[in-house]
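In: dropping a prediction and its sequence here:
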Amino acid sequence: MKSQEIRSKFLEFFKSKQHLIVPSAPMVTKDDPTLLFVNSGMAPFKEYFLGNGTPKKNRIADSQKCLRVSGKHNDLEEVGYDTYHHTLFEMLGNWSFGDYFKKEAIAWAWELLTDVYKIDKDILYVTVFEGSEDDNLSMDSEAYDIWKTFISEDRILKGSKKDNFWEMGDQGPCGPCSEIHVDIRSAEEKAKIDGKTLVNKDHPQVVEIWNLVFMQYNRKANGSLENLPNKHIDTGMGFERLCMVLQGVQSNYDTDVFTPIIREIEAISNTKYGVDAKKDIAIRVISDHVRAVAFSIADGQLPSNTGAGYVIRRILRRAVRYGFTFLDKKEPFIFRLTSILSDKMGKAFPELKSQKQLIENVIKEEESSFLRTLDQGLILLDGIIASAKGKQIAGDKAFELYDTYGFPIDLTALILSEKGYSLDEKGFQEELEKQKNRSRAASETSTEDWTVLLEDNDEEFIGYDTLEAQVKITKYRKVTSKKEGEMFQLVFNLTPFYAEGGGQVGDKGYLEDSHGDVIYILDTKKENNIIVHFTKNLPKNLNDSFKAVVDAKQRFRTECNHSATHLLHQALREVLGTHVEQKGSAVHSTYLRFDFSHFSKLTSDELRDVENFVNARIAGKLPLEEMRNIPIQTALDKGALALFGEKYGDTVRAIKFGNSIELCGGTHVDNTSDIWHFKIKSEGAVAAGVRRIEAITNDAVKDFYLENNQTLFEIKELLNNSKNPVSAVQKLKEENAALQKQIEQLLKEKAGNLSKVIKNELAEINGINFLAKKVDLDAGGIKDLAFKLGNQYDNLFLLFASAPSSDKALLTCYISKELVTERNLNAGLVVRELGKLIQGGGGGQPFFASAGGKNPNGIPQVLEKAKEFIV
């Protein structure tokens, strides 16, 4: 049975059981601060389990794309080494929100597996929760008794809290679960070892394929459990593992989910899967990771240095380094797998086809960048080896290479081994642990349980129509973090405060009680579909009625910028072409940022045309046409633009200014004339095929022009109030260039004269012509001097220092190439170490390198320590 048919049969089966079939939610989370990515099938439905929202139907089924690489569910380092762990995987799931419970969930799971998929019941085992003394919970005898009607009792196993009690986190809904395991070993292996002894023992052919979670408790902050008002079902079946069972193979990677990608890797790398164990691991890593990266980019998450983007970069770099190390791929190649991936999975996930070019461009650029990092890292590692006193490399040196330069530690260990060196792994792990502790301490947060004051689950947002309202606090809780200290989160029965979303920042403002006392709302965010208001203090009387007031000035400036992003999007599609798609935005009160797909830098003419287009719409005084709660298909039929990576309901809100129409939940001006003016401040690249414009509107534009005018007046004053300051500046530039040439000539002559003097200062140490000296030359003059001496002397080691100003120091190291080759000396390593003494750093090639710093007072110590590199 092909994978597409397997997926279809699952969804058809639950449709026949009156489940609503919904598409996969985007993998990148928006309103859940506890997750970077959807890491389980239930994550998109958390708001329903928490009672913060109402599902379209009480029975739902889907195939959800998930990513597990960080936090509690961290599979990254296991991927490739076994045959059943993945970063990206599909989770087939069926859900009941207060409808059916254990009886139906178990019966339907058994029916689907044994009657529809025809899996032999004699290769199946099930587990039930054995109970927990810690939580004062007895065995799940209800599930046990139901299972007895389908499967013999010797195949029903009791599982611990670790394996058979599912929790979404430290707090929140949870409950016992039943896992269904399959034993696909050969008859001979089954005869030797009873399969039940291998359940949950990480055996590659005795694996869990389905987990049925019976959500009936809520875990409180103090660790205690309370019953949920409604009981829910949350099931998750690993699609890739199910394909392995139904296709009669021994590995997920042997299914048709992965084999087309593996065949392509074989062709590109001229290798054969299944011949060499190390190459097999590399091929599995690459075939898995390209899926994770491609889906993330398609959902709008680009690789970056922070947050979710950093996770995606780590995944891609892990794939690159396995190709680099084990498949000998020294040039970008992973991007070439995008076509086979979109062909294979594009029908089920159309975003792979529509975003194919962007995915390809981004992956290729990331590969090229990391390969350059690897090349630089190899040079640095050679320097570390050259300066090593013994045959073991210190852990802190390897950690610096890993942490500062992004050079993989496993690659460091491999290269050291090949060269006859070892790595102080304990020292490395100690440095890594220190860093983790620093990071953990910086991000540590403790969250108390909600204190409920008023039962009201239907918090209403009224901020489109008013900036003030009388509100009641329905619940609150305290959150403590290293960064923010002690904060309180408040939830109201209704609110005019806009919660951060769609790129727009959350509102600020204040609460005023009946006595006129005020507390300030510092931010507003949405968490699992509830609007949360952040404040440093609690009101004196929490049960009072409060006047909630949004900061009108900040809201208006933010609205100007948000409406301008819509006009900017329209302008870019008009000026550059309809291939332009929004890839991200940030709408603040002081500026806007807009990321979009485009293949090249915008020209000056294009930027001017975009600005003029937006300002023409502002001058046109276009009124806001707001369409609330209209069917999504109606909005799309009207031409509304929907964004990839966004999750839309059956009804949506559309915003229209003239011919610009987009699906949007943000706040906007009543008329484009309110924006006053639009000014682009910068345009640049974010990633391959993605550009970024930063711009300002309204008051920020006025301030910009006032500042520019002031600067112009100051320049004219310096130019003796020239009537034509542009010509005057041009003349100064020409005169400066001529003087610069004269200075360069004089410095060359000075360097030439200095080279004659220096000959007498060279000292021979251990067969090396050595000199460490402070000179009064600029960087160019020092370089000329070093190379001139290098042409005159063999076995030369030069260290020159200079201090161009009181807060600037320069170091330059020149080493003859024969010393680099024969004595393993490295100029880059020399300046990097000595640069610390001038509070700076640098690098370069093994024979020539330079460093800069801000402490010229360290130069005497530099000159003294330079000799240590050759003695």
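Out: Right, received. Where do you want to start?

In: for residue 75, give me the pLDDT.
Out: As predicted, residue 75 sits at a pLDDT of 57.

In: what's the answer for residue 491, then?
Out: We have a pLDDT of 96 for residue 491.

In: check which helix or strand covers it.
Out: Using DSSP states H and E, residue 491 sits in strand 485-492.

In: what's the distance between residue 366 and residue 315?
Out: Residue 366 sits at a distance of 10 Å from residue 315 (criterion: C-beta to C-beta, to the nearest Å). In this view, the C-beta of every residue, glycine as well, is placed from N, C-alpha and C.

In: pretty sure residue 478 is in a strand, no?
Out: Yes: judged by DSSP: H, G, I helix; E, B strand; the rest coil, residue 478 forms part of a strand.

In: how about it, what does it touch?
Out: 447-448, 486-489 (C-beta atoms under 8 Å, 6 or more residues apart in numbering).

In: same deal with residue 798?
Out: Neighbouring residues of residue 798 by C-beta under 8 Å, 6+ apart: 771-772, 786, 789-790, 812-815.

In: want to try JSON lines for the residues you listed, with distance to residue 40, secondary structure and neighbour count as columns?
Out: Converted to JSON lines, the contacts of residue 798 look like this (distance: C-beta to C-beta, whole Å; DSSP: H, G, I helix; E, B strand; the rest coil; neighbours: other C-beta atoms under 10 Å):
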{"residue": "771", "distance to residue 40": "65", "secondary structure": "strand", "neighbour count": "19"}
{"residue": "772", "distance to residue 40": "61", "secondary structure": "strand", "neighbour count": "22"}
{"residue": "786", "distance to residue 40": "60", "secondary structure": "helix", "neighbour count": "23"}
{"residue": "789", "distance to residue 40": "66", "secondary structure": "helix", "neighbour count": "22"}
{"residue": "790", "distance to residue 40": "62", "secondary structure": "helix", "neighbour count": "17"}
{"residue": "812", "distance to residue 40": "56", "secondary structure": "strand", "neighbour count": "24"}
{"residue": "813", "distance to residue 40": "54", "secondary structure": "strand", "neighbour count": "29"}
{"residue": "814", "distance to residue 40": "58", "secondary structure": "strand", "neighbour count": "23"}
{"residue": "815", "distance to residue 40": "56", "secondary structure": "strand", "neighbour count": "28"}
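
In: pull the most distant pair out of those residues.
Out: Farthest-apart pair in the contacts of residue 798 is 772 and 790; separation 15.5 Å (C-beta to C-beta).

In: one step back: most neighbours of all the contacts of residue 478, which one?
Out: Within the contacts of residue 478, residue 489 tops the neighbour count with 20 neighbours, counted by other C-beta atoms under 10 Å.

In: tally of neighbours for the residue nearest to that one when sequence neighbours are not counted?
Out: Leaving aside its sequence neighbours, residue 489 sits nearest to residue 532 (C-beta to C-beta, 6 or more residues apart in numbering; 4.7 Å). Per other C-beta under 10 Å, the neighbour tally for residue 532 reads 27.

In: now residue 532: how far from residue 525?
Out: 5 Å.

In: shared neighbours, the two?
Out: Contact with both residue 532 and residue 525 is made by residues residue 499, according to C-beta under 8 Å, 6+ apart.

In: count the residues that sit near the nearest residue to residue 509 once chain neighbours are set aside.
Out: Using C-beta to C-beta, 6+ apart and skipping the chain neighbours, the partner closest in space to residue 509 is residue 550 (4.3 Å). Number of residues near residue 550 (other C-beta under 10 Å) recorded here: 23.

In: same check on residue 731?
Out: 13.

In: pLDDT on the helix or strand hosting it, on average?
Out: In this structure, residue 731 sits in helix 725-758 according to DSSP H and E. Mean per-residue pLDDT for helix 725-758: 83.

In: buried sites along that helix?
Out: Neighbour-count burial for helix 725-758 flags 725, 728, 747-748, 750-751, 754, 758 (criterion: 16 or more other C-beta atoms under 10 Å).

In: again with stretch 540-550
Out: Neighbour-count burial for stretch 540-550 flags 542, 546, 548-550 (criterion: 16+ other C-beta under 10 Å).

In: just the pLDDT at residue 385, thanks.
Out: Residue 385 carries a pLDDT value of 87.

In: please, where are all the strands along the stretch 601-750 of the chain?
Out: Ranges of strands in the stretch 601-750 of the chain, per DSSP state E, counting those that start in this stretch, are 625-631, 651-657, 660-663, 678-687, 690-697.

In: also the stretch 301-450 of the chain?
Out: Under DSSP E, counting those that start in this stretch, the stretch 301-450 of the chain gives strands at 392-393, 422-423, 445-447.
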